[in-house]
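Engineer: structural data only, the sequence is not supplied:
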DNA sequence: AAGGCGGGGGC
DNA sequence: GCCCCAGCCTT
């Protein structure tokens, strides 16, 4: 039997604040662990405003874990299209299938079982178990890091093993074990709306008298920011190849961005190249040397596409062929009207939205 | 421990 | 531009 932990009155302040400021959100109106899990995966590294419509669409199309398990990965990725971090969608689908098989379609209730699902780490397992089941698990996410770092003026980086231990322990000591779901959501909402990263309005903060970093003037430096990595440029030359009302797609299967999404035939080059250089690449010759009358009608440069640590310089060439050459036989031939059925990256989506 | 993995919104 | 978001996984 564990000794009863003293509940901090900071938790009470945050919960009181939460009662007056919380945003009404659809996943706060259910106790279904499946829907709460779904919301937590969607919200990983994603703002509420960005994930809200995705949650609505997923909850509508896949109202339970069995329907999600019964879908194809392509359909799940298509519904996820545009949200980013696509491994979340692949893991979500794989986890649903595991629940269907190993747990007989019933979302597990034990922390370790939940934590064992693909795409579920310490944060998501704690969030689901506390919110859906009332289990005393303290969540630690980006909001919690910031709130804790400021309250205690902790100069501890969050992206180290020691830092994670430190904040996890602080979060545990702050947790109100009698209402862990409410407590966790209160801390996160507080971080999202009041204790914001930049220019927080500390004058009206309910914790202004107990915030050590406010007293010391270090709010802007908490938590300590990690050093930024330089964005590595990549050069993508896409070929929108058309022949007899069809076009070509390929599935990205490598360990790279946009894994399992579809795209036009791609020639990646180590630097920006013009059409003349592109034609001299081995790939172009492999694909088109035997192709007869190749008509390239234009090149559409795209704006720089910025990812977290990549900046993609992309352009799309439109290539019209009289017949399909053998060099392109490994691609999927897709009716032009059917392209929209395939999950694609935001970059390709933007190109397609430009139309003809 | 470090790096890969998206996309968008706020300043 | 830069920061960072209800993180997780691989190496």
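Structural biologist: Noted; the coordinates are in hand. This is a predicted model, so every value here is computed, not measured.
Engineer: which other helices and strands contact the helix or strand of chain A with the lowest mean pLDDT?
Structural biologist: When the helices and strands of chain A are scored by mean pLDDT, DSSP states H and E, strand A:295-301 comes last with a mean of 92. Under the contact criterion of 3 or more Cβ pairs under 8 Å, 6 or more residues apart in numbering; DSSP states H and E, strand A:295-301 touches strand A:310-320. Every residue, glycine included, has its C-beta placed from N, CA and C.
Engineer: buried stuff in the helix or strand where residue A:334 lies?
Structural biologist: Secondary structure from DSSP states H and E places residue A:334 in strand A:332-335. Buried positions in strand A:332-335, judged by neighbour count with 16 or more other Cβ atoms under 10 Å: none.
Engineer: just give me the neighbour total for the closest residue to residue A:32 other than its chain neighbours.
Structural biologist: Leaving aside its sequence neighbours, residue A:32 sits nearest to residue A:132 (Cβ to Cβ, 6 or more residues apart in numbering; 7.4 Å). Here the number of neighbours of residue A:132 (other Cβ atoms under 10 Å) works out to 21.
Engineer: residue A:69 too?
Structural biologist: Residue A:69 sits with 18 neighbouring residues when counted by other Cβ under 10 Å.
Engineer: ok, it touching residue A:99?
Structural biologist: Yes: assessed by Cβ atoms under 8 Å, residue A:69 is found in contact with residue A:99 at 6.9 Å.
Engineer: pull up the overlap in contacts between those two.
Structural biologist: Jointly contacting residue A:69 and residue A:99 under the rule Cβ atoms under 8 Å, 6 or more residues apart in numbering are residue A:105.
Engineer: the spatially closest residue to residue A:233 that is not a sequence neighbour pairs with what?
Structural biologist: The spatially closest residue to residue A:233, leaving aside those adjacent along the chain, is residue A:311, at 5.1 Å (Cβ to Cβ, 6+ apart). Beta bridges link residue A:311 to residue A:233, residue A:306, judged by DSSP bridges.
Engineer: need the helices for the stretch 51-200 of chain A, in chain order.
Structural biologist: For the stretch 51-200 of chain A, helices defined by DSSP state H, counting those that start in this stretch occupy the ranges A:65-70, A:73-80, A:87-102, A:111-115, A:122-133, A:142-151, A:161-174, A:180-193.
Engineer: identify the residues contacting the most centrally placed residue in chain A.
Structural biologist: Nearest residue to the geometric centre of chain A (Cα atoms, centre = their mean): residue A:85, 3.8 Å. Residues near residue A:85 by Cβ under 8 Å, 6+ apart: A:44-46.
Engineer: now tabulate these in CSV and tack on secondary structure, pLDDT and neighbour count.
Structural biologist: Formatted as CSV, the contacts of residue A:85 follow (DSSP: H, G, I helix; E, B strand; the rest coil; pLDDT from 0 to 100; neighbours: other Cβ atoms under 10 Å):
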residue, secondary structure, pLDDT, neighbour count
A:44, coil, 98, 18
A:45, coil, 97, 11
A:46, coil, 98, 16
